[in-house]
Structure formats: C-alpha cells, structure tokens
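>>> predicted model, plus sequence, below.
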Amino acid sequence: MSTATLAAASLNLEPANESGMDQLLEIAMGPQHPSTHGVFRMNVVLDGERVVRLKPVFGYLHRNHEKIAENETYLGSMPYTDRLDYMCPLTNNWAYALAVEKLAGIQVPERAEYLRVITGELTRLQNHTCLIGFLMQDMGASGTPLMYAFRQREIILDLFEALTGARMMCNYMRFGGCRVDLPAGWLDQAKKVVAGFPRFLDEYESLLVSNEILMDRTQDVGVLSKELAISAGISGPMARASGVDYDIRKVDHYSIYDRFAFRVPLGSHGDVYDRFMIRLLEMRESVNILQQAMRDIPEGPIVDPKTKIRGFRPKPGEAYGRIEGPKGELGFYLVSDGSPNPYRYRVRPPSLINLTILEDLCLGRNVADIVVILGSIDIVMGEVDR
Amino acid sequence: MTHLALMTQHLDQIFVLTSHWLLSYLPIALQPLCSAILSVAAIIIAFATLFALTTLLERKGLGRMQNRYGPNRVGPCGLFQPLADGVKSLTKEDIVPIRADRAVHFMAPVLLVAASFMGYAVLPIGRNMVMVDMNAGVLFFFAIGSLMELAVFMAGWSSRSKYSLLGAMRAIAQMISYEVPLVLASVVVLMQAGSLSTVAIVNMQATYSGIWPHWFVFTPWGFAGFALFMIAATAESNRSPFDLPEGESEIIAGYYTEYSGFKFALFFLGEYIGMFATSGMAITLFLGGWSAPFSFLTWIPSYFWFFAKLLTIISVFIWIRGTLPRLRMDQLMNLAWQFMLPMTLLNLLTTGIWHFMLPGFLRWIVCSTMVIVPCILLGSGLKYKKKFQIRTYHFSQ
Amino acid sequence: MVGEGILKGLAETARNFFGSYVSKDRLTTVQYPEQREPQIEATRDFPFLVYDGADWQQGMRCVACQICEKECPPKCIFIEKSKDKKPDAFGKMQIYPATFNIDISVCMSCQICVEVCPFDAIKMDVEYHQSSDDRFGALLLNKQRLSKSNEYYNAIHPTEASAVDAQRAEELAKLEAKAKAAAEVKAAAEAKAAADANPALNASPQQPAGDPQ
Amino acid sequence: MTTSFMILAVLTVAGTAAAMGLRNAVHCVLALALGFAGIAMLYLQLGAQFVGFTQILVYVGAVAILAVFAIMMTHNDKSMALPDSHSAWVAGCIVAVAVFAVLARAIVSSSASAQTQPPQPAATVQQIGNALMHRFVMPLEIMGLLLTAALIGAVVIAMDRREEMK
C-alpha cells in the first residue's frame, strides 16, 4: 500500500494543475465489465488513458462461506470448498482435507495420496491453460487461445466426471483419503490425455510465446519486484515469476511430492510475460509429475477405515493445512472445540492476497494494461469474495 | 469476332447492358437521374449482401480456426444466420441514454453508413462498371473516408459515456494517424499512373506481357506500398489487431457502447462497408482492379475478379483477427509514426527512382534493396529499442 | 526478424482451420440435440429414492431415519415419519417416510446424503433435462417423483448398483440364514420343551439363543 | 441559379449560422462542419473537383476534428455552454456585416462578375499539379517549410510539457 500512496503523491494528483489541461476521468470498470473475471470492480482514475489511482472493490460475490462452514459439520463444508475457486475444485478439497487430517491426526493411505496428486496436478493443468486463454482474451485475441484451452480443459473435465461424478463441483476428497476409487479404464484414459498434453503445449507456445505483439504488450508491464512480492505475501506462480523461490510442494514436503522429480521454474523480471511463461513451464512440470504418479500408483485402500463419515468429532485443537494450489498458497485454518462443527474456519485464498497489489502494478500504466495485469494475477471471484 | 468471344463479352457487360436497356424505356430527361439511382441501388444491394455473407464467413472461419463449427442452425449450413441477426437487431429495443444528445446520437450511425457507402462511387467494380469516373477519384475516396472520423466522434461524444468517449478518442487518434500512411502509400501509384482517376489506374494495370498482368503489386515499390496500405487499411477500418477503438476487453465496445438495436447494427454495417471500400481501393490501386490475374483468364467476367480479390482480402483479415492479440495505444501510435511513416516516405523515393531508371534487372535490384533493407533495419531497430525478446528461464534446485 | 512470431501464429491458426475439417480431435463439438455424449457412469445430478419390486410405495427402501436430512449441507431434504409401520425388503417392520421432499433448487448435488444413508435408499440420478416453467412446484420433488426402481438404478450406475445389490443379497441371505437358524433353534427348543414338559416341571424355561425379533 | 445551388446555399448558410448561434460548443463545430461540406459541394458544382475534395479532406476531416479536440481538451462540462455576451454579439455582427460589404463590393466591381456566362474552368488535377510544380513551386516550398517549422514547434512544446510532468 505504501508504494501506491508514494507513487500517487509523486504523480501530483491534485485535480487540474496550473495549465488546466489535465482533467482526471474517473471510471468504474466493473462490476459489469467483460474482463474483470467475474463481478469485480475497479474504480480507476485516469489521466487520458494513464492510471493515476485504482481502487479495487470486491464483495459482490460474498456468500458467507466461512460462517456457513462454522455451522456445518466438517464433512458438510467439503462441497462448499468446491465453490471457492470453481476452476480448481479438487485442490480446494485437498487443502481442506489436509487441514482436517492435521486437526484429527488422520493417516492417508498410499493410493489415496497418489490419487490426490494425480487429480491435483490435472487441476493445475486445466487452470493454467484456461488462465492463459483468458489472459489472451483480455489482450483481444478474439478467443482463439481460449477456445484451444477450453478444448483441452474439456478432456480433463471428462476425466474428473468419470472419476468424481461432476465436472466442476467434484466433492471428491474425504478425511483420510478419497471418496471413490478409479473406475475401470480411467488410468489408461488419463495416461493418454497426459501423453497428448505436451503436443498441445507446443501448439500453444508456437501460437503465443514468440508473438511480437504479445511480447510488446506483456514485457515490462505490471512489474512486481521480489521485495514487494515477499512483503505482500504473494504466493504461487505470481511470486515465482518475480523470482521468489517458494513452492509449497518443495517447502512443506506435504503429501508424497518428495517422491517425484520436478523442477520449479523461476522468473527474473516479474512482469506479465514472466507470469505467463512460468505457468506454461509449470504445466510441463505437472505433466512430468503426472507421468511419474500414474506409473507408480500402488493398489490398496483409498480411505482411512478408522475415520467415520457420520459423527466426526476431532479433539479440541487447531490446525492449518496448506497446499500449493494452482493460484498460490491455499490454506485452511481450523479450530475445533470437540463438537461436530469447527469452532473457527478460515480460508487463506491466494486469489485475494495476490490481488492486493493490483494498484501497485497498475499505477502509471494504460487502461489496456490494467486488464492484462489483472488477467495475469489469476483471480477467481468465488475465492476472492468467499 | 467469334460467337464465343461475343458471348463472354456480353456476359462481362451484362449489368451495363441491362441498365442501358432499362433506361432506354425512360424519357431522355429522366435518364441521368434514373441511371444514378439504379447504380446506387445496385451497389447498396450488392455490398449489403456481401456484408451479410462476410459476417457469416467471419463467424464460420473464426469458428473453424478455433476448432468449432460456427453458426450452423439457421438454414442449411447456417446460411440464413445473417437474416436472423438482422431480424434480431431490428426487433431489439433501441435504448438511448437519458443524458445523451439525442439528435447527434441519432445522426452518428446514419452519417457513418452514408459516408462509408459514398466511397463506392469511384470504385470500378468491373469493366465499365463505375458510378462516376471522377477526375480526382482517389482524392474523393480519401475525403469521404475522413468523414467517418466525424461520425465516430459524434457517436462517442453524444453518448455521454466515459467508455464511449475513450473509444471515440482512441478511434479518432488512430484514424488520423493511419490516414497519413494510407494516403502516402497510395501516392506511389498516383505517381506511376499519373492520374487520380481510378478508372485510368485500373486500365493501366489491365494489360499483359505474355500471361503476366501489369499489376502494381508486382514491382518492389508496389509490393511495399501494398503491404503498407493494407496495414494502414486494417487500422483505418478498426480491424484486429488494431481494434482498440472497440477493444471489448478494455472499454466495452468503444464509441458504440451506448448503442443498441438497429443503430448498433448500422455501426456494424458501417464498419464492414468501410472495410470493403478500403480493400476495394487497395485492389484498385495495387491488384489491378477487375483485371484477371492471367491473360488467358480474361474470358471470366471482370466483376467476378473484383469480388474474388475482395473476398481473398477479407479472408486474410479474418485470419489475422483469429490469430493476433490487440496492440496498445502507444504501440499503435509508435507503429504509425516510427515505422509506417518513414517507410511510406522512403517508398515514395523508391518509386521516383524506379520511374527514372531504365527498365531492366538493375532497376529491380536497386529498388528492392531500397525497400527491404530499411524495412529490416527499422524493424529490428524498433525491436531493439523496445528491448522485447524471447526469454530463457532457470529452475530452482 | 520482426514478424516471425506473428507468422508462426498465423501458421498455427491455419493448421487448426484445416485440421478442424479432418481431425476429430480438433473439432470436438457435439451437436447437442441430435447427438449426445455417451453417459459417463459416475455422473450425478440430483438424488432419487430407490424402491425394490414393482410398487414404489411397497418397495421403498427408505425408513425415514432422517440421517440424510440432518447431514445435508444446504438442508434441502424434508422428511416426515409415518405413524404406522410396514415390512421392508428384509421383512422387518419399519416406519417409512410419510413425506419425503427434496428441493432441487437448493440441492447442490454433493451426494453426501448418498454416502451417509445406511439403507442404500437414496442415490444420485443422471437426468439432466430438468428445465421447467414452474419455478416452485416443479423444483420441489415429492416422494412419488423421487421414487425410481432398482432396475433404473442398475441401468444408470451398473457397477455401483450391482455392488449394492450383491451386498444387499448377502445381507438378506445372512438374515435368512440367521432366521432359519433361529427358527431351527426355536423349533428344537419347542420340541425339547414339549419333551421336557412331561417328565419334569421344575426344569427352568430356556430362552432361545437367537431371537429373530 | 439552379435548384441544386439553392439547396447547397441554404445548407451552407444554415450550417454556418447554426455554428454561430448554437449554445453547445460541440454542436457549433458540427454545424460548422456542415457549412464546410456545403462549401465543398459548391466547389464541386463549379467543376472544381480537386478543390472541393481537398475542402472536405482538410476542413471536414481535419479542421473540424481539430476544433473538436481543442474543445474537448480545454473545456470541462460546466463551460461547455458558451457565455451569452451581448456586446460580443454586437461586435461580431458589425464585423460580419463589414466583411460582407467589402466582399460584395469587390465581387460586384470585379471583371469576373461582368461575364454573364463564365467559361468552364475544367481545371484537371494534372493542370493543378503542373501549376504547383512549375509556376507556384516557390510558394509551395515556402509553405511546406512553414508548416514543418510549426510542426517541429508543436513537438518541442509537447516535449517540454512532458518533461515538466516527469
């Protein structure tokens, strides 16, 4: 926030300075706007087309998620987590399950861990492809990359449907494992999808990566410095694009990520182009993880038999479970008082926290840059507003 | 003259002959007026149909590029989709913002469509098929084109919407900036043809050496001029990647944000008609107008060639739209003033040199070098100045 | 060279343009009303109540235990218990739901009701053509509209349903065996009692080992 | 006096009158553009195609837009309506009448008006070009130089402002 105010002060924001030529124009971008990724509003003050002030306004999609969860059973909140970041329900499930497992001290069987990694990385693939599609849409590419992304996402969603019964509202993870085992033939189909994914990424890259217009539009736009990224608590691909070497899969060693060989790509400029490229590279690493996980997946039970579905009451205590979601650090903080409902339930939404620096990135830029910067942050309003 | 040749000639002139035949039934005094009305009606019908077809072609083509079918529900292969769109836009509620300047708000789309249709007066669509063979035809065309800026401003200003105003400002800045390279790129043809009359320019190109036509695009300066003209034309007609004035992801719909129903459709029509007109001018100036690409194909009616070329250019427009993201305002301006303007001026010089050098191999080499080398130098210079590059990334351990 | 990336992109879209005419992988659109995607077995949308046999009122598995009503996260289930009892598939006398309503405008298809049901009475449907012009009546499903036969369940979720059927058959067999054993024991005890009744009246009366009740 | 001339004359006069009389500055500019267009069509009627089209290109396409830009940049919504000043009106009218009188006298007394049937000028573009390049080449070059100087001046002023802002 301090940098924003400093920048605003240095830009001399008094309306109409001596010459009287500079008229500031205040426009409300959103909540009904084609490229605010949902019902999000930015009150933008413009000098010509240059942004001098930007105030994000959100809460249009607030639905009291945390309070509802405090009045639900532990299991009852699971389907609601699907609706946080509705692009990636399975990682939301996972983070919540992880928090409850920590709280109640539940062990997860081997096979279930593999299932979680496979579904989680598939989620990452479809989130990143779609994000890049949306980013290009914001840049005015008349939908072509978005359509390719959706074509690919559809294949992954079919896998999700075959496994969990729903394309987006999966409600798949359970405390101590997963709800259902893989149906017959699912793994072969998934292997085929993952094997075909690098070819799609090649196509995507040849369409986008070296495009001069794209490079000109994104390079040195919305630069997020490493210092600001760290102090603002930015996480996920956005932090890594600024050169912050922070991937919870590597830091926390949660689940079974230690068993897979994968690399964490890091950016050096912290601009929109880096954020876009980091996501592309991450998808290739996800494909690596998926191939290893699908090769090694063992037989066995998929859920801890000791965990009850009904009448689940963890002992009093608190726990914070977090995973590396596609958008960043997704964490759930739970306090139990021994009753069937959590005493306190709190989500750390990566979308919201990554969004806090929007003004710092947009000051002094064009209107056209705002939408690109916002697109590169990767927000889903379901998660921002909760 | 053989029977066949006579028939092809009649086929070529079928519209002209029909018009003469119809007019011959009228009294002499009324003939000029009726002739004008007839040709205006013909142009409006022909190009409105082309507009309908193009919207369909665009949606289908974009669809295929994006791995979808495109519209295929209304009529066979979705052929009646434009009709359905027309009915839809006609029956929609016409909303005028309460604070809008009603008169100007109403007049803007009318002026836009009128201005964009007026350009066709000087376009030779086929042999002997031009409405007015003006002495200063090309000048007329650009003069009418400048009227569109006024229409765009009227639309943006009268809506009293901030997005409209931003869009109008963008549009005017863009159109004025690209009008300069557009006109300068076409001046090379005027220099070579020595005439401002479109008919004279096409007639000059409709001759052949062997089977090859004398189109201006087949010379170094002509090719460069054509490329520059097309880039500027894309920007003039607000097509992707220069569609900033409407930039839907940024400023909703630009200057026609506050238009709905039929007025919106009129803007849409105006944009497309303007695009056809500019493409038609490019065909007239560089691609030999209605002339056939090979001398042995001259038996095919001349108007067929004009529309074939027009559709080719439109397809390229659609292809580009399906591929490229939009430029930003400052990048657009930089392209106009730092690349297009120097290149068009250089092209003028090249044309002069071409004109005064003896025909031969040397002339080709000198002029090609004069066009290609600066283009590459300027391009990479700009790229270097902007410092954009394909980056390599490292991985943490 | 400037423009190289743009040309590469143009080549890519051209390839997709022509590819969509030849490759099924590229043109994945399904022309919906005429063509349908094959049903995925695990698909779910809204819950329904399973009944055995031909009569939905007679064969209803639900015993109105109200667990689903309690566990349902958005609380879209409403159950009223019956006053009387009727025999269920296992021959036990059970109460049954007098009213069983699901408001599918509230239901979020999470299938927690299915997971918590101990009687395999509620399952997820796959019928997604649910549009209606009656906002209130059509979206509040009553017991009759919710009831679907076990055959239907077997048709839409064959793997899951056959597992459920096998389990139920096993339970039934177990119960029958138990009942049979109990009946045998009872018969034996009765025979014994009849035998014992004559010689000695002082013998203590013996309780049968397994009471079917 | 043909009907078409009458129509054009009415259009032109109405446009320019509206440009003076309307309260809204943008309306004034639009009316002025109408007046310019009318004048251009009068040129065309006289057979001066080049001048007519140049009139449209320069006055409607450029000058009107420039005026619009100037208004947009200098006025805010409050001062959009022009001040209603009586003395300015009177002064304006006096000047207009004086100019009209001088012009009318000049035209009436000139030899051109003596001819009842003026010869068709039929000045083709080629003739104009030849004239510009031979007889009037000096004035043309001087004007070009002047405009270039003005352009550079504008750029310098704009650059100064940008530096101030930094």
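Received, thanks.
>>> where does the prediction get shaky in chain C?
C:1-2, C:197-213 (pLDDT under 70).
>>> hmm, the longest helix along it touching chain A?
Ordering each helix of chain C by length in residues (DSSP state H) puts helix C:158-197 first. Yes: using C-beta under 8 Å from any C-beta of the partner chain, helix C:158-197 reaches chain A at residue C:159. In short, each C-beta sits where N, CA and C put it, glycine included.
>>> so which elements touch that helix?
helix C:150-156 (3 or more C-beta pairs under 8 Å, 6 or more residues apart in numbering or on different chains; DSSP states H and E).
>>> pull the residues that contact the helix it packs on.
The contact list for helix C:150-156 (C-beta atoms under 8 Å, 6 or more residues apart in numbering or on different chains) reads C:39, C:41, C:50-52, C:59, C:123, C:125-126, C:161-162, C:164-165.
>>> if we use 6 Å, what do you get?
C:50, C:52, C:123, C:126, C:161 (C-beta atoms under 6 Å, 6 or more residues apart in numbering or on different chains).
>>> that older thread, just the buried residues of the longest helix of chain C, please?
C:160, C:161, C:164, C:168, C:182, C:186, C:189 (16 or more other C-beta atoms under 10 Å in any protein chain shown).
>>> now swap in stretch B:294-310 and tell me
B:298, B:301, B:302, B:303, B:305, B:306, B:307, B:309, B:310.
>>> now stretch C:30-44
C:40, C:41, C:42, C:43, C:44.
>>> spell out which parts of chain B neighbour chain A.
When proximity is defined as C-beta under 6 Å from any C-beta of the partner chain, chain B approaches chain A at B:65-67, B:162, B:241, B:248-250, B:321-322, B:324-328, B:331, B:388, B:390, B:393-396.
>>> drop anything exposed from those.
Buried among these (16+ other C-beta under 10 Å): B:65-67, B:162, B:241, B:248-250, B:321-322, B:324-328, B:331, B:388.
>>> could you pull out the strands for the chain?
Just so you know, I chose chain A. With DSSP state E applied, chain A shows strands at A:24-29, A:41-47, A:50-57, A:173-174, A:177-178, A:264-266, A:317-325, A:328-336, A:342-348, listed in chain order.
>>> wait, I meant chain C there
Going by DSSP E, chain C shows strands at C:47-51, C:77-87, C:93-103, C:122-124, C:140-141, C:147-149.
>>> got the buried residues for the host helix or strand of residue B:4?
Using DSSP states H and E, residue B:4 sits within helix B:3-12. Neighbour counts using 16+ other C-beta under 10 Å place residue B:12 of helix B:3-12 among the buried residues.
>>> now do that helix, average pLDDT.
Throughout helix B:3-12, pLDDT has a mean value of 77.
>>> now do the residue of chain D found nearest chain C: how many residues are near it, please.
Closest residue of chain D to chain C, C-beta to the nearest C-beta: residue D:155 (26.0 Å). The number of residues packed near residue D:155 is 10, by other C-beta atoms under 10 Å in any protein chain shown.
>>> run through who's touching stretch D:26-43.
B:150, B:157, D:8, D:11-12, D:15-16, D:18-19, D:22, D:51-52, D:55-56, D:59-60, D:64, D:67-68.
>>> which of the residues you listed are buried, as a PyMOL select command?
This is how PyMOL selects the buried members of these, with burial counted by 16+ other C-beta under 10 Å:
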select buried, (chain B and resi 150+157) or (chain D and resi 8+11+12+15+16+18+19+22+51+52+55+56+59+60+64+67+68)
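>>> looking at the contacts of stretch D:26-43, which are in strands?
Among the contacts of stretch D:26-43, no member falls in strands (DSSP E).
>>> quick one: which of the contacts of helix C:150-156 is nearest to residue D:142?
residue C:126 (84.9 Å; C-beta to C-beta).
>>> over to the closest one: give its phi and psi.
phi -120, psi 10 (degrees, to the nearest 10).
>>> again, but for residue B:326
Per degrees, to the nearest 10, the backbone of residue B:326 is at phi -80, psi 150.
>>> do you know how far the nearest residue to residue A:148 once chain neighbours are set aside is from residue D:22?
The shortest distance from residue A:148 to any non-neighbouring residue, by C-beta to C-beta, 6 or more residues apart in numbering or on different chains, is to residue A:204 (6.5 Å). Look at residue A:204 and residue D:22: by C-beta to C-beta, to the nearest Å, they are 56 Å apart.
>>> list the contacts of residue 176.
Assuming you mean chain A. A:106, A:108, A:303, A:304, A:307.
>>> what's around the spatially closest residue to it that is not a sequence neighbour, how many residues?
Among residues not flanking residue A:176 along the chain, residue A:304 sits closest, at 2.9 Å (C-beta to C-beta, 6+ apart). Neighbours of residue A:304 under the rule other C-beta under 10 Å: 17.
>>> pretty sure residue A:304 is touching residue A:110, no?
No: taking contacts as C-beta atoms under 6 Å, residue A:304 lies outside contact range of residue A:110: 11.2 Å.
>>> overlap in contacts of those two?
In contact with both residue A:304 and residue A:110: no residue, using C-beta under 6 Å, 6+ apart.
>>> quick check: residues of chain C near chain A?
Residues of chain C lying near chain A (C-beta under 6 Å from any C-beta): C:5-6, C:8-9, C:12, C:28, C:40, C:42-44, C:73, C:108, C:110, C:115-116.
>>> care to break chain D down by domain?
D:1-76, D:123-166 (automatic domain parsing).
>>> mind putting those in CSV, mean pLDDT and distance to residue B:261 included?
Shown next, in CSV, are the domains of chain D (pLDDT from 0 to 100; distance: least, C-beta to C-beta, whole Å):
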stretch, mean pLDDT, distance to residue B:261
domain D:1-76, 82, 24
domain D:123-166, 81, 41
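>>> and of those, who's closest to residue C:86?
If we rank the domains of chain D by C-beta to C-beta, the stretch that ends up nearest is domain D:1-76, at 81.5 Å.
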